[in-house]
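*Asks:* Dropping a prediction and its sequence here:
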Amino acid sequence: MLLQYCLLLYFFNCQQKTSQKRITKINNLIFFLLILLGIHVLLILALVMISDIFDLKGKFIVNILRNKKNCFKFIIIFSVIFIFLTMLILTFYDVKYVQILNFIFSFLLIFEVCIKISQSTRFINWIGEQLDKTFRIFVMFIITLNCTYFFTRFTQQIIESF
């Protein structure tokens, strides 16, 4: 009887410790998701300011980024989709696969703005009118890849610290 009581007490203590570890892990996971989401929101806000500076026009830019009410809706929808997909990836894969999701989101956001910048008059005047349109787009595509690389390296440091 005493042996059963000791085993039951030991089992109960082990369950308490593992549930406390799970709670700590969930808190860290929520903090981790909020940091990554906050960085993506800062990227969106930076793209809003850049699109205002270059007076960009495009379906995504004019309808979502330049309109403040739609921008707020976009940030909320983006946040829900980002958190859902990140949780889905963390459920089925390792935390390292979140880096791929960060790359996809950041590349799609930066790509349209940079391609529209290559067609803006301010950029054409700066780089020179004699440069062909395809080379201007190519230059901005390279800049897009560099910006995306910087952003994903930055988020990779956060992911590795998790």
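*Replies:* Happy to help now that I have it.
*Asks:* how far away is the closest residue in space to residue 116 that isn't next to it in sequence from residue 140?
*Replies:* Counting by Cβ to Cβ, 6 or more residues apart in numbering, the nearest residue to residue 116 once its immediate chain neighbours are dropped is residue 56, at 4.4 Å. Backbone N, C-alpha and C define where each C-beta goes, glycine included. Per Cβ to Cβ, to the nearest Å, residue 56 is found 12 Å from residue 140.
*Asks:* okay, and the common contacts of those two?
*Replies:* Shared contacts of residue 56 and residue 140, defined by Cβ atoms under 8 Å, 6 or more residues apart in numbering, are found at residue 117.
*Asks:* mind checking how far residue 93 is from residue 101?
*Replies:* For residue 93 relative to residue 101 (Cβ to Cβ), the value is 10 Å.
*Asks:* If you could redo that for residue 123, that was the one I meant.
*Replies:* Taken as Cβ to Cβ, the span from residue 123 to residue 101 is 30 Å.
*Asks:* helix/strand/coil for the nearest residue to residue 96 once chain neighbours are set aside?
*Replies:* Excluding the flanking residues, the one nearest residue 96 by Cβ to Cβ, 6+ apart is residue 159, at 7.1 Å. What DSSP: H, G, I helix; E, B strand; the rest coil gives for residue 159 is helix.
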